[in-house]
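Engineer: predicted coordinates and the sequence they were generated for:
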Amino acid sequence: MKLEYHCKKHNVLCCAACICKIKAKGYGNHNRCNVHFIKDIKEKKKNKLSENIKYLTELNKTLDNSIKDLRILYNDVSEKKEKLKSNIISIYF
């Protein structure tokens, strides 16, 4: 049979026949297994992945902007340093 289910407790794929056995009364420890339909898991993971990609894209934009701002600040500080250096040289030498 086609594997369409996932047992979270045992981390195994299951078919419909296995699910019937697992959920049957008196099957021991397996009657409390946490079984999910693979398609549902796939959709949840896909949605979470899309959210993460969106978050990382926005974070990347923010970091790019921060890098640009830091470059501008660095250049400004470098210019001021050179002017200050020139002023000091003109005063003392």
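Structural biologist: Ah, there it is. Values in this document were obtained by computation on a predicted structure and should not be read as measured data. Numbers count the residues shown, from 1 in each chain.
Engineer: make it CA atoms for all contacts and neighbour counts henceforth
Structural biologist: Fine.
Engineer: next helix or strand past the least confident helix or strand in the chain by mean pLDDT?
Structural biologist: Taking mean pLDDT, DSSP states H and E as the measure, the chain has helix 16-23 as its least confident helix or strand, at a mean of 73. The helix or strand immediately downstream of helix 16-23 is strand 35-37, counting by DSSP states H and E.
Engineer: for that next one, packing partners?
Structural biologist: Contacts defined by 3 or more CA pairs under 8 Å, 6 or more residues apart in numbering; DSSP states H and E place strand 35-37 against strand 5-7.
Engineer: mind checking the SS state of Glu43?
Structural biologist: Glu43 carries the three-state label helix when classified by DSSP: H, G, I helix; E, B strand; the rest coil.
Engineer: Glu51 versus the residue lying closest to Tyr5 once chain neighbours are set aside, what's the distance?
Structural biologist: Leaving out its chain neighbours, the residue that sits closest to Tyr5 by CA to CA, 6 or more residues apart in numbering is Phe37, at 4.5 Å. Applying CA to CA, to the nearest Å, the value for Phe37 to Glu51 is 22 Å.
Engineer: looking at those two, which one has more neighbours?
Structural biologist: Between Phe37 and Glu51, counting by other CA atoms under 10 Å, Phe37 is the more crowded of the two (15 against 12).
Engineer: show me what contacts the more buried one?
Structural biologist: Glu4, Tyr5, His6 (CA atoms under 8 Å, 6 or more residues apart in numbering).
Engineer: same thing but 10 Å
Structural biologist: Listed by CA atoms under 10 Å, 6 or more residues apart in numbering, the contact set of Phe37 reads Leu3, Glu4, Tyr5, His6, Cys7, Leu13, Cys14, Cys15.
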